[in-house]
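[1] Next one to model:
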Amino acid sequence: MSDNLLDLARNVFRLEAKAITALSDKIDSTFINTVEHIYNSKGRVVICGMGKSGHIGKKIAATLASTGTPSFFMHPSEAYHGDLGMLTDSDTVILISNSGETEEVMKLVPTLKHRKISIISITSNPESTLSRLSDYNLDIGAQDEACLLGLAPTTSTTSTLAMGDALAVCLMQKRGFKPENFALFHPGGSLGRKLLTKVRDIMVSKNLPIVSPNDGFAEILSIITKCRLGVCIVMDENRLAGIITDGDLRRALLNSEKSRFDFSAKEIMTTTPVTVDVEESAGTIESLMIKRKINELIVTENDKVVGIVQLYNVGNIT
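    Purely as a prediction, here's the structure:
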């Protein structure tokens, strides 16, 4: 029984993956024209769909809105009973209907046409009534639903969702959408907060662990222990000369051919420490620190050392 269920699940994945692959080969200049139309539009993108298509439409609207294209979902029945008044003549409406004949969706078309509001449809039948009445039709193609009965929207809704994602991603590129823009629309999420938080907001700037190049083991150990940051900054007068981590200190103790305590900062420091500007985002430096396997970074402002930031501090931004 378990094997049969696994086979069934795998078949669902195969059918839906096959449909999306076919869709990637199917899109043409109509898709490009649709992207260009939305990009050049002065209004918003309003999405309508019934049933499962409506649920997919809500997700597409949310994705568009969070990636730089003002968008919202409007239920067809509510639209037909007054919510069409929410539309402006510069808006674009995306109507989702697998068959292209959904009654509640089709009822909206005459009013949209009368107001000269652009219509984009997503259907599986380019010859359907809705497809023919649309300014742009995005054809997801006729597909076998993954449902055992071939009835429940499965493959078709996955393809529709993928079409919406493709629109959103292409519009992101057209708009030059950057992580900083994403953060402005996601201030409540961890990623948004990390991108909006600057290094200066989380760095340690007081009582920095600083030693000179000629300081010896005892001074280095004392400073690292006292400041509890796991590093000390080596400064040659006002110039950054290097960095010493507690790991550097341990390795020096194990590998030194001299007396274990007979070495200076300049002999064990890293002379080209990675630094980060005080105005850099926490999200950006987190990626850098993880990639470089660095737990602490020296923070600079106008080439002057002003602080230390730890990976721990970035990770605590939630």
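[2] longest helix anywhere in this protein?
    Identified as the longest helix of the chain according to DSSP state H is helix 2-26.
[3] Tell me where the stretch 151-300 of the chain has strands.
    For the stretch 151-300 of the chain, strands defined by DSSP state E, counting those that start in this stretch occupy the ranges 210-211, 231-236, 239-245, 275-277, 296-301.
[4] Would you mind finding the most buried of those strands?
    strand 231-236 (a mean of 23; mean count of other Cβ atoms under 10 Å). In this view, the C-beta of every residue, glycine as well, is placed from N, C-alpha and C.
[5] mind listing what that strand pairs with, with the direction of each?
    Paired strands of strand 231-236, with direction, are strand 210-211 (parallel), strand 239-245 (antiparallel) (DSSP bridges).
[6] who wins for proximity to N40 among these?
    strand 239-245 (49.4 Å; Cβ to Cβ).
[7] what's the angle between the closest one and strand 296-301?
    Orientation of strand 239-245 against strand 296-301 (axes from the mean of the first three to the mean of the last three Cα atoms, to 10 degrees) gives an angle of 160 degrees.
[8] chain center to strand 239-245, what's the gap?
    35 Å (Cα atoms, centre = their mean, to the nearest Å).
[9] send the alpha carbons of it over as CSV?
    Extracted in CSV, the C-alpha atoms of strand 239-245 (Å, rounded to 0.1, in the frame of the first residue of the first chain):
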residue,chain,number,x,y,z
ARG,A,239,46.1,52.7,10.3
LEU,A,240,44.5,49.3,10.2
ALA,A,241,47.3,46.8,10.2
GLY,A,242,45.5,43.5,10.8
ILE,A,243,43.2,41.4,12.9
ILE,A,244,43.8,38.5,15.3
THR,A,245,41.0,36.0,16.2
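[10] Who are the contact partners of L95?
    Residues in contact with L95, defined by Cβ atoms under 8 Å, 6 or more residues apart in numbering, are C48, G49, V105, L108, V109, I119, I120, S121, I122, L130, S134.
[11] one more time with 7 Å, if that's ok
    By Cβ atoms under 7 Å, 6 or more residues apart in numbering, the contact list for L95 reads C48, V105, L108, I119, S121, L130.
[12] Please identify which of those residues is nearest to F13.
    For the contacts of L95, the nearest to F13 is S121 (27.8 Å; Cβ to Cβ).
[13] On the three-state scheme, that closest one is what?
    strand (DSSP: H, G, I helix; E, B strand; the rest coil).
[14] what's around it, how many residues?
    25 (other Cβ atoms under 10 Å).
[15] Give me the phi and psi for the closest residue in space to it that isn't next to it in sequence.
    In space, and not counting its chain neighbours, S121 is closest to S134: 3.9 Å by Cβ to Cβ, 6 or more residues apart in numbering. Backbone torsions for S134, taken as degrees, to the nearest 10, come to phi -90, psi 150.
[16] I120 is in contact with S134, correct?
    Yes. Using Cβ atoms under 7 Å, S134 is in contact with I120, at 6.3 Å.
[17] List the residues that are in contact with both of those two.
    Joint contacts of S134 and I120 (Cβ under 7 Å, 6+ apart) do not exist.
[18] Please spell out the segments of this structure that come in under the pLDDT threshold.
    Flagging of the chain using pLDDT under 70 yields the residue ranges 1-2, 188-190, 256-261, 317-318.
[19] Walk me through the domains of it.
    2-177, 196-315 (automatic domain parsing).
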